[in-house]
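A.B. asks: fold the following.
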Amino acid sequence: MTFDDAEALARKLMDKHGLRRWGFSFMNSVRLLGRCRCMYKRDYTLVGGTISLDREFVLRSSLPKVRGVILHEIAHALVADPNISHGPVFVKMARKIGCSRDETKPYGPPIKRGKRRCLTCQELTRNFERYNSRNCRHCAFKVWQEKKLKRLIQRYGPTVGRKSFSYD
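C.D. replies: Below is the predicted model of the structure:
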């Protein structure tokens, strides 16, 4: 599924269920397929919010699975109580809007909890959440070094990192 198709589907379903003032976005998540963030005023009245989908999930999944996750997040938005996560009130709302439990099951080949495949070296390593990256810690550090060096070169010129003194 493409990002445009997913966004159009989400917007259509959100409008259908009365979430016209809500935003939609994509995220890079390690564990979440979707996320619902509600915004409240100081007196705890609901103002709006954002529903987000994981980019990798959208690219690797079919229409029914993406639709199921969108409906799941819409159910969270309609319940709109931070104290109710997946209790009976939420389940009742999810069933009412047509969200089934089968559509929101995990989507890819099973990967052990806390392990993920690095995009650079393809090694199956520990969790990456600490680095907010899809690379292992070794590749993430290399990428960080390259970015830092590029910024320094842009700021100070191509002689950054070279010793420019002599003993004469």
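A.B. asks: contacts and neighbour counts: CA atoms only from here.
C.D. replies: Noted.
A.B. asks: could I get the full set of strands for the protein?
C.D. replies: For the chain, the strands defined by DSSP state E cover 23-27, 34-40, 46-54, 115-117, 124-126.
A.B. asks: run the chain-centre distance for the first one.
C.D. replies: Centroid separation between strand 23-27 and its chain, computed with Cα atoms, centre = their mean, to the nearest Å, is 8 Å.
A.B. asks: over to the third one?
C.D. replies: Taking Cα atoms, centre = their mean, the mean C-alpha location of strand 46-54 is offset from the chain mean by 12 Å.
A.B. asks: what helices or strands is that strand leaning on?
C.D. replies: Under the contact criterion of 3 or more Cα pairs under 8 Å, 6 or more residues apart in numbering; DSSP states H and E, strand 46-54 touches strand 23-27, strand 34-40, helix 63-79.
A.B. asks: tell me which other helices or strands the last one touches.
C.D. replies: It stands for helix 63-79. helix 3-16, strand 34-40, strand 46-54, helix 88-97.
A.B. asks: can I get the helices and strands packed on strand 46-54 in a markdown table including mean neighbour count and mean pLDDT?
C.D. replies: As requested, those are arranged in a markdown table below (neighbours: other Cα atoms under 10 Å; pLDDT from 0 to 100):
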| stretch | mean neighbour count | mean pLDDT |
| --- | --- | --- |
| strand 23-27 | 16 | 92 |
| strand 34-40 | 18 | 85 |
| helix 63-79 | 22 | 89 |
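A.B. asks: re the thing from before, any chance of the strands of the chain in CSV, with distance to residue 145 too?
C.D. replies: CSV is the format used below for the strands of the chain (distance: least, Cα to Cα, whole Å):
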stretch, distance to residue 145
strand 23-27, 24
strand 34-40, 31
strand 46-54, 27
strand 115-117, 21
strand 124-126, 20
